[in-house]
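J.: any chance you can model this:
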Amino acid sequence: MVSAQVIWAKALPVLQEEMTPTSYTTWVKDIMPISVEGNTLILMAQNEMYLTTLRQFYSAIVTDCVNKANNSNYTVSFIVKEEAEAAVSVPTHGERGAGVFFGVQSKYTFDTFVTGESNRFAHAAAVAVADNPASAYNPLYIYGGSGLGKTHILHAIGNYVHEMHPEFNICFVSSEDFTNDVIAAIKYDTREELRKKYRNLDLLLVDDIQFIGGKEATEMEFFNTFNALHGANKQIVITSDQRPNDLPFLQERLRTRFSWGITADIKPPEVETRVAILKSKAERDNVDISNDALLFMAEQFSANVRELESCYNRVVLYADFSKRGSIDRGFVELVLKDYVSSEGKHMVTPELIKQVTADYFDITVEELVSTRREKRVSTPRHIAMYLCRTLTDTSYPDIGRAFGGKHYSTVMYACDQVAGEIGQKIDIATAVDDITNRLTNDLTIK
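T.: Numbering: from 1, shown residues only. All right, here's what the predicted structure looks like:
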């Protein structure tokens, strides 16, 4: 049987070709191949943070490149070296030392979260929970559309509680990572270790709980985990894209428990909050941009904060490229003129985006939605997914289905990658602008 080391050695050059240099160096280069068990390639991440990111954003591309390089059909599983040991050594509630703290990103804090009327109640509830875990609202259930700051609040709670209570066991986990942990526990018969990992926590932060719907084993495990933590008076914070009662794919007993504490929604930010978000970002980036320019951007892009920040990044990139010391409204209007749609245009849909993107890059729609990984296809595919997310209300899972049944985490990875590259690569920013121009100006489609 081919060793894990040989399989991984073949895959690395393909991954390096398919990924951006920064992503490859940061997340993939130092992965260690461990073993091959049946049809599963076991890879080791550096720590829990890397494990979470790899599972959430890079699992699909790593799997595709491994199989492309080896002409195989492996399933990839990520672990950390200390996973089993850490699960067993998590202190019980009666034996406290330094707490376990994993999955929480330090860059997201309450200080960097901009509040307004659209999110004030959710922010206040989050601060109350962070100040007095399991005393104010338990569980705290926060819901709202994508890109509105729910994940930011989760990490902020985790960072605040960790600072105030370093002895606490704290875990941030996405629903997909929780699902993957359940699958691995079933496969490797490590369910007891899984339960020790999640049921000895003081604070559990779960992002996008809606995605466990319909996964019977995962729902059962989360139900029991919820009961164990809540019964032990430990804090649970959950985010979702809908209210508990509007999650038809989740079991009724879970939806009921999600309503035990307090439910807070986050709406799209009003224009004043959008301006404040941009102003805060410009100050942190030391960018000289006029208030009038910020107001123009805030008025044009209201769907979500992610889209707003993406447009801000585009403006800053063009300003750097043209060596402008300051940015005024006229410059912003020029940069974004093809991105801002006007009244009376046709409706932009994922199908239209796929066709226009394929035409722009001179490939077929069939290639665009295929599993091919070469850059002439993968880059257009990522851009098309990003445009579906920013120009339409289509969810990540629905975008995945529109692109040949790809997993929603693959779409998230693509969108995040393009959003980052818009602020770094002029060719990506130009392509996004040109395709957006074609879409919003109703050009004739081939």
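J.: residue 279 contacts residue 294, doesn't it?
T.: Yes. If you go by Cβ atoms under 8 Å, residue 279 and residue 294 touch, sitting 5.9 Å apart. The way it works is simple: take the backbone N, C-alpha and C, and place the C-beta from them, glycine included.
J.: unless I misread the structure, residue 76 falls within a helix.
T.: No. Using DSSP: H, G, I helix; E, B strand; the rest coil, the secondary structure at residue 76 is strand, not a helix.
J.: related to what we said a few turns ago, out of residue 279 and residue 294, which sits in the busier spot?
T.: Higher neighbour count among residue 279 and residue 294: residue 294, with 23 against 16, using other Cβ atoms under 10 Å.
J.: name the nearest residue to that one, sequence neighbours excluded.
T.: Leaving out its chain neighbours, the residue that sits closest to residue 294 by Cβ to Cβ, 6 or more residues apart in numbering is residue 278, at 4.6 Å.
J.: distance-wise, check the one you found relative to residue 421.
T.: Noted for residue 278: a distance of 20 Å to residue 421, by Cβ to Cβ, to the nearest Å.
J.: kindly report the same for residue 13.
T.: Separation of residue 13 from residue 421 (Cβ to Cβ): 21 Å.
J.: who has more neighbours, these two?
T.: residue 421 (24 against 11).
J.: the more buried one and residue 413, how far apart?
T.: Distance of residue 421 to residue 413, computed by Cβ to Cβ: 12 Å.
J.: how about residue 153?
T.: Distance of residue 153 to residue 413, computed by Cβ to Cβ: 22 Å.
J.: for those two, indicate the residue with more neighbours.
T.: Remark: of residue 153 and residue 413, residue 153 carries more neighbours, 29 against 23, as counted by other Cβ under 10 Å.
J.: quick one: that one and residue 112 touch, right?
T.: No. Taking Cβ under 8 Å as the definition, residue 153 is not a contact partner of residue 112, at 11.1 Å.
J.: low pLDDT regions in this protein?
T.: Residue ranges of the chain with pLDDT under 70: 1-3, 81-98, 302-303, 338-347, 441-446.
J.: just the strands in it please.
T.: 32-37, 40-45, 75-80, 101-102, 140-144, 170-174, 203-207, 235-240, 262-266 (DSSP state E).
J.: redo the ones you listed as CSV? Include mean neighbour count and distance to residue 251.
T.: Output for these, formatted as CSV (neighbours: other Cβ atoms under 10 Å; distance: least, Cβ to Cβ, whole Å):
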stretch, mean neighbour count, distance to residue 251
strand 32-37, 16, 32
strand 40-45, 20, 29
strand 75-80, 19, 27
strand 101-102, 18, 27
strand 140-144, 25, 15
strand 170-174, 24, 19
strand 203-207, 25, 15
strand 235-240, 26, 14
strand 262-266, 19, 18
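J.: out of those strands, flag the one nearest residue 440.
T.: Of all these, it is strand 140-144 that lies closest to residue 440, at 26.3 Å by Cβ to Cβ.
J.: coming back round to it: dump the strands of the chain to CSV, plus distance to residue 379.
T.: CSV is the format used below for these (distance: least, Cβ to Cβ, whole Å):
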stretch, distance to residue 379
strand 32-37, 27
strand 40-45, 25
strand 75-80, 22
strand 101-102, 33
strand 140-144, 31
strand 170-174, 26
strand 203-207, 28
strand 235-240, 31
strand 262-266, 32
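J.: good, we can wrap up now.
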